[in-house]
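Trainee: Model the following, please.
(3 chains)
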Amino acid sequence: MKRKTPLEVRKGAWTPEEDSILRKCIEKYGEGNWHQVPLKAGLNRCRKSCRLRWLNYLSPDIKRGVFASDEVELIIKLHKLLGNRWTLIAGRLPGRTGNDVKNYWNSHLRIKAVARGTDAVTKAIKPRPRRFASNQVWFNGNTTINVDNNTQSRDTPTNKPSTTSPLKVDEILCWWDNMEFIDNGVLTWSMDGSDEDQLIASLWSTDEVATGVNIASDSSVDHVDNWNFL
DNA sequence: AAACCATTCAACCGCCGAACG
DNA sequence: ACGTTCGGCGGTTGAATGGTT
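Mentor: Take a look at the predicted model:
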């Protein structure tokens, strides 16, 4: 016997009325507890739909409009480095969401990147989980990353990047200019413990970063949350 | 003006990892 | 240890819009 559907939730485009209801609900109760938002707001929408609508459209932190040239430049460079890690990239673009960046890339930049042969789908370094060993010695001397395109994963940060203080776009671009790629899949740059170095250090897991001091790939090591770490 | 095609982007879907009981 | 729930992610879809013929 066919089970009765619990409750049909609305799908598709949000109406101004729904936006208003959701906005008032978030203003009253705050973000989080998304499973309760439809109930509290009286919206016939699923929790995911409410969350997505707020984070990608209604949140006052969101910057809308065209991407500035420095933002575009940063997207291209970070995408070359990180691949399709949209939220990670967006975390360095104040006011932009992962969805924004993803859409912009797919509609404006991807074809150009493919034409230039820099499409990160095949060439990007794919950072592993954003956790680090507490006994890792960071930010001293030259750092080398062994690029292994086979070690891809769909990891999730334990804290939102938005909880960090994003570096300025020009700071990151400056850092990028100091980076150099070496043949045979090894990436190097000089570290002096600056914010830029901390940024890039935060993007790799320990087993992909060899500082020359210690490689902590042992799963038994004590891990710290790198977003808090920053 | 109409038909067609291309582009944009909001929204949905399926999956994953963390947290919790 | 296991199952369930939840938050969050990237991939994908499709309606709306704009451009071209």
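
Trainee: tell me the secondary structure for A:D61?
Mentor: coil (DSSP: H, G, I helix; E, B strand; the rest coil).

Trainee: What is the burial count for the closest residue to it other than its chain neighbours?
Mentor: Nearest non-adjacent residue to A:D61, counting by Cβ to Cβ, 6 or more residues apart in numbering: A:G95, 6.2 Å away. Bear in mind the C-beta positions are built from the backbone N, C-alpha and C, glycine included. Burial of A:G95 is recorded as 15 neighbouring residues (other Cβ atoms under 10 Å).

Trainee: how far away is A:G95 from A:R45?
Mentor: 25 Å (Cβ to Cβ, to the nearest Å).

Trainee: before we move on, back to that, which helix or which strand is home to the residue nearest to A:D61?
Mentor: Taking DSSP states H and E as the definition, A:G95 sits outside all helices and strands.

Trainee: separation between it and A:K28?
Mentor: The gap separating A:G95 from A:K28 is 24 Å, by Cβ to Cβ.

Trainee: In chain A, which residue sits closest to DNA strand B?
Mentor: A:S107 (3.0 Å; Cβ to the nearest atom of the strand).

Trainee: Tell me if that residue really is in a strand.
Mentor: No: using three-state DSSP, the secondary structure at A:S107 is helix, not a strand.

Trainee: Please report the confidence value the model assigns to it.
Mentor: What the model reports for A:S107 is a pLDDT of 87.

Trainee: domain parsing for chain A?
Mentor: A:16-58, A:69-122, A:125-229 (automatic domain parsing).

Trainee: Which of the ones you listed has the lowest mean pLDDT?
Mentor: Minimum mean pLDDT among the domains of chain A: domain A:125-229, a mean of 40.

Trainee: I figured A:I21 hits A:G42, correct?
Mentor: Yes: the pair A:I21 and A:G42 qualifies as a contact (Cβ atoms under 8 Å) at a distance of 6.7 Å.

Trainee: hang on, the earlier thing: how about the contacts made by the residue nearest to A:D61?
Mentor: Contact partners of A:G95, counting by Cβ atoms under 8 Å, 6 or more residues apart in numbering, are A:D61, A:I62, A:K63.

Trainee: Apply 10 Å and report the result again.
Mentor: A:G95 makes contact with A:S59, A:P60, A:D61, A:I62, A:K63, A:R64, A:G65, A:E71, A:P166 under the criterion Cβ atoms under 10 Å, 6 or more residues apart in numbering.

Trainee: Kindly report the same for A:K63.
Mentor: A:E71, A:L93, A:P94, A:G95, A:R96, A:T97, A:D100.

Trainee: Is it possible to mark the buried ones in those residues?
Mentor: When neighbours are counted using 16 or more other Cβ atoms under 10 Å, those contain these buried positions: A:E71, A:L93, A:R96, A:T97, A:D100.

Trainee: quick check, nearest of these to A:E17?
Mentor: Of all the buried ones among the contacts of A:K63, A:T97 has the smallest distance to A:E17: 23.1 Å, by Cβ to Cβ.
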